[in-house]
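Novice: For reference, the sequence and a predicted model appear below.
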Amino acid sequence: MGDEGIRAHRAFQQLAVRLAKVGFHALRFDYYGCGDSAGDSDEGDINQWMNDILTAIDEIKDSGGLAKVSLVGLRLGATLAALVGTQRSNLESIVLWDPIVNGKGYIQELITLHQDWLRHTLPKLKQAEKKKEDNGRIEISGFPLTNIMRNGLEKINLLTIKQRPANHFLIIEDNEKDDVILLKDHLKNINVHSDYQYIPGPKTWLLRGMDGALVPSQLLQSIVSWISKVCL
Amino acid sequence: MREEAVLFGKTRSLVGIITDPHTVVNAHNHPAIVLLNAGVLHRVGPNRLYVKIARKLASAGFVVLRFDLSGIGDSKARRDNLPLSFDKSAVSDAQEAMDFLTTARGVQRFVLMGLCSGADNAFRVACVDSRVAGAVLINFYTVGTTEYLFHSHSRRLLNYRSWWRLITGKSEIWSILRSKIAKQTRQLNKDLVVPSMEKVIADLRSLVNRGVDLCFIYSASGPALYNYRSRFENEVRSLRSHGKLRVEFFSESDHALTLLSDQESVVKVIHDWAHTVQTEVYSQSV
């Protein structure tokens, strides 16, 4: 989502190349209003994006004549993959890479990040002027946070899912988060077995500037190895 | 407006998106727009700015191509065994983009645009390829002069946290002081593939004499503006009298023009400038 999606683009391109090398068809796509896809940045919403994932699943199944589909998502993408998995009972595997467990917490994290950036980057005059012109428009790191998106995010809580999202489930993190521990416990309580891997590394999606698009090679390789193990 | 994903280049390894206007008007004379990557960010640009620019300009009648240089975004690294440095391969990639648009859309003239390294590359291509009729250069060239290094650290001199880091030995200033500034300056220029200011000015004169329309856009909280003000503002001022050169300042914006209001303003500036260029090209061709 937003700036995070741009920062993660190269990592996902490299992940797709690595998956293709070991024999998987891989489809990457942008949600409506994101990246190259149609729509303006203020036109996306959570329901639309979940439908986009379902469209992507159908697309790769139809174009490749495939029976099994796995999803890999990062941050909000991981969360939406898990939610789609609970609606679609036939997913082979899902990889949650640094999932957002709680939407409200995510909004707060993004707002704090943006405000820190404002304080450190823009002169005081501009900050004051910006406050005045906001008129209820909230923006986060170059992207609008619309009311419809905010409402959609606020409803997200992975600790409330009740169905098994996929046959195989991996949570992979490059920084340890407390709410992911809660998610692991919750999945255990609803009898969903999940694998877990912790691979320390930089938070590539949080980097600012023109050079923030790193590829976490070790983590990508772990995803490829895990999917190969459970799906081939 | 219609958008299409395309593969092009000698080895069809470059990936881009063409945004076509509803109605294409006289492709032979009408310049197409090519947007060049900002740093290593892929073709959507920082904050999706390039998508906004592309769609706005397509709505004004331009064919626009946003694409990834070799090794960036979805484009593969070059495999043609040429020992090219990044700046040279970027020029070659941009020329292949123009070749492609000539074949695919019949376009003969081009306006290149980019932010940060995208501006540097647009300038490089404009200097060596006469098909380039104009360029929009956003936060063009950061030259690693000694003054620039001082400027880039000067804000920290006024920050109590920086002083605390200095006192506690955690500041990187110690390593800077330990190294020779001249050596660091040379290294910075090498890393950024920056020519001498004299060469930049000579090239700029040559472009203006060739009749290339140029639009410089600078945001305040970036070193590029400092370089502009300290090194070639006077030169640009004298060249502005030729009427082919426009300079716009975003006096309180960051390097990537992150705020939505800044994005809206820069898209408008580019749209208005492009409209002027469009009119000029038509009047020349009639």
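Specialist: All right, it came through fine.
Novice: Spit out the contact partners of B:Asp262.
Specialist: If you count contacts by C-beta atoms under 8 Å, 6 or more residues apart in numbering or on different chains, B:Asp262 has them with B:Ser219, B:Phe250, B:Ser253, B:Asp254. Backbone N, C-alpha and C define where each C-beta goes, glycine included.
Novice: Quick check: which element contains it?
Specialist: Here B:Asp262 is covered by helix B:260-285, with elements defined by DSSP states H and E.
Novice: buried set for that helix?
Specialist: B:260-263, B:265-267, B:269-270, B:273-274, B:277-278, B:280-281 (16 or more other C-beta atoms under 10 Å in any protein chain shown).
Novice: Then B:Ala58 would be within a helix, right?
Specialist: Yes - per DSSP: H, G, I helix; E, B strand; the rest coil, B:Ala58 lies within a helix segment.
Novice: what about it, how many neighbours?
Specialist: Close neighbours of B:Ala58, defined as other C-beta atoms under 10 Å in any protein chain shown, add up to 20.
Novice: so the closest residue to it other than its chain neighbours bridges to which residues?
Specialist: Distances taken as C-beta to C-beta, 6 or more residues apart in numbering or on different chains put B:Thr19 closest to B:Ala58, at 4.2 Å, once the chain neighbours are dropped. In this structure, B:Thr19 bridges to B:Glu3, B:Val64 when assessed by DSSP bridges.
Novice: contacting residues for B:Thr19?
Specialist: B:Met1, B:Arg2, B:Glu3, B:Ala54, B:Arg55, B:Leu57, B:Ala58, B:Val63, B:Val64, B:Leu65, B:Arg66 are the contacts of B:Thr19 under C-beta under 8 Å, 6+ apart.
Novice: try A:Phe29
Specialist: Under the criterion of C-beta under 8 Å, 6+ apart, the contact list for A:Phe29 reads A:Ser37, A:Asp52, A:Ala56.
Novice: Could you check how far it is from chain B?
Specialist: In this structure, A:Phe29 and chain B are separated by 11 Å, where distance is defined by C-beta to the nearest C-beta, to the nearest Å.
Novice: Just the terminal-to-terminal distance for stretch A:187-197.
Specialist: End-to-end distance of stretch A:187-197 (C-alpha to C-alpha, to the nearest Å): 15 Å.
Novice: how about the helix or strand harbouring A:Gly77: buried residues?
Specialist: A:Gly77 belongs to helix A:76-87 when assigned by DSSP H and E. Buried positions in helix A:76-87, judged by neighbour count with 16+ other C-beta under 10 Å: A:Leu76, A:Gly77, A:Ala78, A:Thr79, A:Leu80, A:Ala81, A:Ala82, A:Leu83, A:Val84, A:Gly85.
Novice: Next: stretch B:88-101.
Specialist: When neighbours are counted by 16+ other C-beta under 10 Å, the buried residues of stretch B:88-101 are found to be B:Ser89, B:Ala90, B:Val91, B:Ser92, B:Asp93, B:Ala94, B:Gln95, B:Glu96, B:Ala97, B:Met98, B:Phe100, B:Leu101.
Novice: Tell me which of those fall in helices.
Specialist: Among these, the subset assigned to helices under DSSP state H consists of B:Ser89, B:Ala90, B:Val91, B:Ser92, B:Asp93, B:Ala94, B:Gln95, B:Glu96, B:Ala97, B:Met98, B:Phe100, B:Leu101.
Novice: mind putting the buried residues of helix A:76-87 in CSV, pLDDT included?
Specialist: Converted to CSV, those look like this (pLDDT from 0 to 100):
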residue, pLDDT
A:Leu76, 97
A:Gly77, 98
A:Ala78, 98
A:Thr79, 98
A:Leu80, 98
A:Ala81, 98
A:Ala82, 97
A:Leu83, 97
A:Val84, 97
A:Gly85, 96
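Novice: So of those, which two are at opposite extremes in space?
Specialist: Comparing every pair within the buried residues of helix A:76-87 by C-beta to C-beta identifies A:Leu76 and A:Gly85 as the most remote, at 14.7 Å.
Novice: Count the residues that sit near the residue in chain B positioned nearest to chain A.
Specialist: With C-beta to the nearest C-beta as the measure, the residue in chain B that lies nearest chain A is B:Gly39; the distance is 2.5 Å. Counted with other C-beta under 10 Å, the neighbours of B:Gly39 add up to 19.
Novice: In this structure it contacts B:Gly114, no?
Specialist: No - if you go by C-beta atoms under 8 Å, B:Gly39 and B:Gly114 don't touch, sitting 10.0 Å apart.
Novice: any idea what A:Gln13 is structurally, helix, strand or coil?
Specialist: Under the three-state scheme (three-state DSSP), the conformation of A:Gln13 reads as helix.
Novice: contacting residues for it?
Specialist: With C-beta under 8 Å, 6+ apart as the criterion, the residues that contact A:Gln13 are A:Arg28, B:Gly73, B:Asp74.
Novice: mind checking how far the residue nearest the centre of chain A is from chain B?
Specialist: The residue lying closest to the centre of chain A (C-alpha atoms, centre = their mean) is A:Gly77, at 2.4 Å. Distance, A:Gly77 to chain B, by C-beta to the nearest C-beta: 16 Å.
Novice: who touches that residue in this structure?
Specialist: A:Gly77 makes contacts with A:Met1, A:Gly5, as judged by C-beta under 8 Å, 6+ apart.
Novice: okay but B:Asn139 is in contact with B:Cys116, surely?
Specialist: Yes - contact status for B:Asn139 versus B:Cys116: in contact at 5.4 Å, counting by C-beta under 8 Å.
Novice: which of the two has more neighbours?
Specialist: Under the criterion of other C-beta under 10 Å, the comparison of B:Asn139 against B:Cys116 puts B:Asn139 first, with 30 against 27.
Novice: re the thing from before, checking the residue of chain B closest to chain A next. Helix, strand or coil?
Specialist: Secondary structure for B:Gly39, judged by three-state DSSP, is coil.
Novice: now do B:Glu252
Specialist: The three-state label given to B:Glu252 by three-state DSSP is strand.
Novice: go on, the one 5 residues further on?
Specialist: Here B:Leu257 takes the coil state, with states given by three-state DSSP.
Novice: nearest spatial neighbour of it, skipping sequence neighbours?
Specialist: Using C-beta to C-beta, 6+ apart and skipping the chain neighbours, the partner closest in space to B:Leu257 is B:Val266 (5.3 Å).
Novice: got the contact list for that neighbour?
Specialist: For B:Val266, the residues meeting the contact criterion (C-beta under 8 Å, 6+ apart) are B:Leu49, B:Ile138, B:Ile217, B:Phe250, B:Leu257.
Novice: can you map out the strands along chain B?
Specialist: Assigned by DSSP state E, the strands in chain B fall at B:2-8, B:14-20, B:32-36, B:64-67, B:110-115, B:132-138, B:213-221, B:245-254.
Novice: Contacts for stretch A:44-58 next, please.
Specialist: Counting by C-beta under 8 Å, 6+ apart, the neighbours of stretch A:44-58 from elsewhere in the structure are A:27, A:29, A:31-34, A:37, A:69, A:71, A:80-81, A:83-84, A:87-88, A:91, A:146, A:148-149, A:152-153, A:155-156.
Novice: Now do B:Arg105 against A:Ile6, distance only.
Specialist: In this structure, B:Arg105 lies at 27 Å from A:Ile6, with C-beta to C-beta, to the nearest Å as the measure.
Novice: Who has more neighbours out of these two?
Specialist: Neighbours were counted for B:Arg105 and for A:Ile6 using other C-beta under 10 Å; A:Ile6 has more, 25 against 16.
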